[in-house]
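Visitor: Dropping a prediction and its sequence here:
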2 protein chains.
Amino acid sequence: MSLPRPNPRFLARTKGMFTSQIRSYAAPGEGTVPPAKKRYVPTSGTYPLGFKVGSAHVGVKASNTRFDDLALIASDTPCAGAAVFTTNKFQAAPVTVSRDMLKKRKGEGVRAVIVNSGCANAVTGRGGIEDAISMGKVTDKCFIEDNNGEDDLKGSRSIVMSTGVIGQRLPIEKITSKISAAYYNLGSTHEHWLGTARAICTTDTFPKLMSKTFTLPSTQVEYHIAGMTKGAGMIHPNMATLLGVICTDAPIAAYALRQALISATSKSFNSISIDGDTSTNDTLAILANGAAGGQPVASTETQDFHAFQEVLTDFASDLAKLVVRDGEGATKFVTIRVTNAATYKDAHRVASTIARSPLVKTALYGKDANWGRILCATGYAEGVDSVIPEETSVSFIPTDGSEELKLLVNGEPEQVDEERAAKILEAEDLEINVRLSENKGYKEEAVFWTCDFSHEYVTINGDYRT
Amino acid sequence: MSLPRPNPRFLARTKGMFTSQIRSYAAPGEGTVPPAKKRYVPTSGTYPLGFKVGSAHVGVKASNTRFDDLALIASDTPCAGAAVFTTNKFQAAPVTVSRDMLKKRKGEGVRAVIVNSGCANAVTGRGGIEDAISMGKVTDKCFIEDNNGEDDLKGSRSIVMSTGVIGQRLPIEKITSKISAAYYNLGSTHEHWLGTARAICTTDTFPKLMSKTFTLPSTQVEYHIAGMTKGAGMIHPNMATLLGVICTDAPIAAYALRQALISATSKSFNSISIDGDTSTNDTLAILANGAAGGQPVASTETQDFHAFQEVLTDFASDLAKLVVRDGEGATKFVTIRVTNAATYKDAHRVASTIARSPLVKTALYGKDANWGRILCATGYAEGVDSVIPEETSVSFIPTDGSEELKLLVNGEPEQVDEERAAKILEAEDLEINVRLSENKGYKEEAVFWTCDFSHEYVTINGDYRT
């Protein structure tokens, strides 16, 4: 169902910056999800067996006196775990600590993901590393105590994530004192999952949660996959200020899990852009506990593995698209499809360059069919060989199923029906298709998802810390 | 003199988008320069001998019924000419045509630069190329007619430039019919230069013109250099939507002139960023006619050459800074100095990445000392080897001569005096200094000039075509 949406330009002009008041820097409380975003928040779900999730209120930011900002995702049994991290050279403490943990454990015997919002624990020196270790240790302790004090796994077993402002130390004692509360609140209902998804949010306007079921070729077992993510700004390939946790009860072994995650990330979380900034904290983690039964998937050469990889890629890209739906200040959801490239890398680079062009993004905000800017960005994409000006075509693909609107064909501008272009640009969703060279027989393609650049983006990011 | 400036946030909030009304898409008429920008418009100048400049009204954009939008810069005698062009793969017709002309003539026997604003003649196919050739030919014809019909130079001798909207054909007959009017209007007074600088503008709010005198080691002759530029958006290294013309009466031979221009461009027009978009039309041209006399500078090994190169680099960077002063929607002028890098390329890339980060730019607009975003951009600069997190330092250098404000020292955050930070950020001018590694003894440095990202930028670029 598509709800009526206010005209954002009208809002910007008449109400100044008041549209931004829905976005405060804290986990969004219940009832505060904007009407237009409610359709992205599920009212039920089918969650993986053997996982429990929960949250607690810490008040990491002193101004947050009400909303949960600590989240715990736990497997009932030790499970396989994998994660991909930011490529930013300034890696936040939890990134360093979680990467080390997974490496040491070889992705086996993982129990949980512990996440705080409100402070990123990034650029916090040696003290920050100790804080991240401490968050993991206190989480581990909950499992040991529950096991009658017996430490069956030895060493750290929890992935740690933090998100929020850079350069400030965590209020670590406040956080660790509440981890047992989050543990105590663990459960497996839809409300538990939604509450936990909400607790990891920062400037997000809605919690991002998805779940679905799937099967693998070798068995009749019904498997479940569920995931949550957060992030609305500082987002560009390599998963800026983005956290994500995916859980499945399929029996995927550690090595295969890691390979599937790396491959899925490239076509999902590394194919979205809000503003072109790549953050210090991005982490996408996956846990697989095999609680649903069936044959373990250990090799990457099996049919089961390929089937799982496909499921995970689709699931991760649907999850990533929710982040774009919540792009800071976004009024549009834009799919950029670059086809007929010589290589996937070329297609991906062109799509990424268009997605981060401020001029393309402001034109989309202004509902202006300014294909010249799309072409201009195509032309300055770095390190791309398959852009051939006289073979390049640009079209708008309407999302109502009507015919594509050709703007440029083989380097020659079309006589554009501006009225139809304006109508297409009225819709929230739009696909831009750039064909690089059909004549050369190039066939590689990449898809990128992005949003527009609005007055509200400037307001949100001019005001963020204050 | 620094004029009082309205608080831009106050304006954005109280008057909505009205601040943008000063910026229409046409050459700015007299009297419309914003008060805060008047100090950048010279009231007199010392111009190179043997050059005449003039303009005429065409009405390239039908809505422009009053302001000159055709500019002619001419040397009294055939002279040396050189130009650097956009690296965008979609090169506008005038870029192709001018590049070919200079190549054929080996940079010798050039007479003029002819420029129209209002339409970029970019992505206009074969017809666009013919239009650009035609602009050059009609200009050449003026010189031939003035020479009693004798064509002493043979072939094309005029550099052609166009700036404005992409993908529309020029109203070529309207333009060519007015070239003789621009020729007729040629003159060498300050008013001629200023009027011509005004005619090349598009969304600029003020004409950008500079002149100065210099000497060379081998002679007592006083030389002159003058230049004009335009551009306020679609600007990032490689000179997006940027046009510039520099003239000197020093006797620099074609080869030396080209080398000096390439080197000067790297540290001037290729070291500025408004929005990270690299356009299809950028051209920076230089003409040297030797009218002031003295020994010709033909070799790049002479003292005179090095002195000229230094003069040109300084002059071009002052000219480029005027473009940043007029950045679309800009309220700040920010110098980003990256020092202690292993290579100039590393320093330049880091500076460029900071300069184009929307999060850094919106924080600057919001007067927020959010150094985390500066560091974050430093960390995701691509292809840079000399970023070492634990040796990186970030400071604000106030422009009032007071002490630097250290934000991060060797990877550890400082206890920042937020009050002082806020005071520093109140000023229009700011320098951000990022030291990559002092300990390693790295010594390379690069400087980049940029502006902030404001509500007005979004307004201007959401509305540009309409």
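Guide: Noted; the coordinates are in hand.

Visitor: how far is stretch A:165-177 from where the chain is centred?
Guide: What separates the centre of stretch A:165-177 from the centre of its chain is 23 Å, taken as Cα atoms, centre = their mean, to the nearest Å.

Visitor: which phi and psi does the residue nearest the centre of chain A have?
Guide: Computing the C-alpha centroid of chain A and ranking residues by Cα atoms, centre = their mean puts residue A:320 first, at 4.0 Å. Torsion angles at residue A:320 (phi, psi; degrees, to the nearest 10) stand at phi -60, psi -40.

Visitor: Tell me the confidence at it?
Guide: The predicted local confidence for residue A:320 comes out at a pLDDT of 89.

Visitor: Isn't it up against residue A:267?
Guide: No: Residue A:320 is beyond contact range of residue A:267, at 9.0 Å (criterion: Cβ atoms under 8 Å). No exception for glycine: its C-beta is placed from N, CA and C like everyone else's.

Visitor: wait, what's in contact with residue A:291?
Guide: With contact set as Cβ atoms under 8 Å, 6 or more residues apart in numbering or on different chains, residue A:291 has these partners: A:48-51, A:75-77, A:249.

Visitor: Nearest to residue A:372, out of those: which one, please.
Guide: Distance from residue A:372 was checked for each of those by Cβ to Cβ. The minimum falls on residue A:48, at 48.1 Å.

Visitor: in a helix, that's where that closest one is, yeah?
Guide: No: the assignment for residue A:48 (DSSP: H, G, I helix; E, B strand; the rest coil) gives coil, which keeps it out of a helix.

Visitor: How about the contacts made by it?
Guide: A:211, A:223-226, A:247-249, A:289, A:291-292.

Visitor: quick one: which of these is nearest to residue B:153?
Guide: Once Cβ to Cβ is applied, the member of those that ends up nearest residue B:153 is residue A:225, at 73.4 Å.

Visitor: strands paired with the helix or strand hosting that closest one, and their directions?
Guide: Element membership for residue A:225, per DSSP states H and E: strand A:223-230. Strand pairing for strand A:223-230, determined by DSSP bridges: strand A:208-214 (antiparallel), strand A:243-248 (antiparallel).

Visitor: So which of the ones you listed is the most surrounded?
Guide: When you average the neighbours per residue for each of the strands paired with strand A:223-230 (mean count of other Cβ atoms under 10 Å in any protein chain shown), strand A:243-248 leads with a mean of 27.

Visitor: From the chain's centroid, how far away is the helix or strand just after that strand?
Guide: Downstream of strand A:243-248, the first helix or strand assigned by DSSP H and E is helix A:254-266. Chain-centre distance of helix A:254-266: 16 Å, with Cα atoms, centre = their mean.

Visitor: now swap in stretch A:285-296 and tell me
Guide: Counting by Cα atoms, centre = their mean, stretch A:285-296 comes out at 22 Å from the chain centroid.

Visitor: And residue A:449, which helix or strand is it part of?
Guide: For residue A:449, the enclosing helix or strand under DSSP H and E is strand A:444-451.

Visitor: That strand pairs with which strands, and in what direction?
Guide: In the sheet containing strand A:444-451, the strands it pairs with under DSSP bridges are strand A:272-273 (parallel), strand A:333-341 (antiparallel).

Visitor: any weak-confidence spans in chain A?
Guide: Within chain A, the segments meeting pLDDT under 70 span A:1-31, A:232-241, A:273-280, A:460-461, A:463-466.

Visitor: those helices in it, which residues are they?
Guide: Ranges of helices in chain A, per DSSP state H, are A:8-15, A:93-105, A:125-146, A:172-184, A:190-199, A:254-266, A:303-325, A:344-356, A:358-365, A:371-380, A:418-426, A:455-463.

Visitor: just the angle between the strand holding residue A:449 and helix A:303-325, please?
Guide: The directions of strand A:444-451 and helix A:303-325 differ by 40 degrees, with axes from the mean of the first three to the mean of the last three Cα atoms, to 10 degrees as the criterion.

Visitor: Name the nearest residue to the residue in the stretch 51-200 of chain A that chain B sits nearest to, sequence neighbours excluded.
Guide: For the stretch 51-200 of chain A, the residue closest to chain B is residue A:166, as judged by Cβ to the nearest Cβ, at 2.8 Å. In space, residue A:166 comes closest to residue B:372 once its chain neighbours are excluded; the distance is 2.8 Å by Cβ to Cβ, 6 or more residues apart in numbering or on different chains.

Visitor: On the strand side of things, show who residue A:429 bridges to.
Guide: In beta-bridge terms (that is, DSSP bridges), residue A:429 pairs with residue A:333.

Visitor: That one contacts residue A:399, correct?
Guide: Yes: under the criterion of Cβ under 8 Å, residue A:429 lies in contact with residue A:399, with a separation of 4.1 Å.

Visitor: and the angle from the strand holding residue A:225 to helix A:190-199?
Guide: Using the same axes, to 10 degrees: strand A:223-230 against helix A:190-199 is 30 degrees.

Visitor: hang on, the earlier thing: which of the strands paired with strand A:444-451 sits most buried?
Guide: On a mean-neighbour basis (criterion: mean count of other Cβ under 10 Å), the most buried of those is strand A:272-273, at a mean of 27.

Visitor: Just want the phi and psi numbers for the residue of the stretch 51-200 of chain A closest to chain B.
Guide: Here is the backbone geometry of residue A:166 (degrees, to the nearest 10): phi -90, psi 150.

Visitor: Look at it and say how many residues are nearby.
Guide: Counted with other Cβ atoms under 10 Å in any protein chain shown, the neighbours of residue A:166 add up to 26.

Visitor: Ok, the one 10 residues further on next?
Guide: Burial of residue A:176 is recorded as 20 neighbouring residues (other Cβ under 10 Å).

Visitor: how much space between it and residue A:103?
Guide: When Cβ to Cβ, to the nearest Å is applied, the distance between residue A:176 and residue A:103 equals 24 Å.

Visitor: And for residue A:326?
Guide: Between residue A:326 and residue A:103 the distance is 32 Å, computed by Cβ to Cβ.

Visitor: Of those two, which one has the most company?
Guide: For residue A:326 versus residue A:103, neighbours defined as other Cβ under 10 Å are more numerous around residue A:326 (28 against 9).

Visitor: Look up how far residue A:356 lies from residue A:228.
Guide: From residue A:228 to residue A:356 the distance is 26 Å (Cβ to Cβ).

Visitor: Those two: who's more crowded?
Guide: Neighbour tally, residue A:228 and residue A:356, criterion other Cβ under 10 Å: the higher count belongs to residue A:228, 29 against 24.

Visitor: ok so, going back, farthest pair within the contacts of residue A:291?
Guide: Across those, no pair lies farther apart than A:48 and A:77, at 12.1 Å, counting by Cβ to Cβ.

Visitor: any residues in contact with both of those two?
Guide: Contact criterion Cβ under 8 Å, 6+ apart; residues bridging residue A:48 and residue A:77 by contacting each: A:289, A:291.

Visitor: what's the first-to-last distance across stretch A:295-306?
Guide: Length of stretch A:295-306, first residue to last, Cα to Cα, to the nearest Å: 14 Å.

Visitor: buried sites along it?
Guide: Applying a neighbour-count criterion of 16 or more other Cβ atoms under 10 Å in any protein chain shown, one finds A:297-298, A:300, A:302, A:304-305 buried in stretch A:295-306.

Visitor: any chance of these in JSON lines, plus distance to chain B?
Guide: Putting those into JSON lines (distance: Cβ to the nearest Cβ, whole Å) gives the following:
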{"residue": "A:297", "distance to chain B": "34"}
{"residue": "A:298", "distance to chain B": "35"}
{"residue": "A:300", "distance to chain B": "29"}
{"residue": "A:302", "distance to chain B": "36"}
{"residue": "A:304", "distance to chain B": "36"}
{"residue": "A:305", "distance to chain B": "32"}
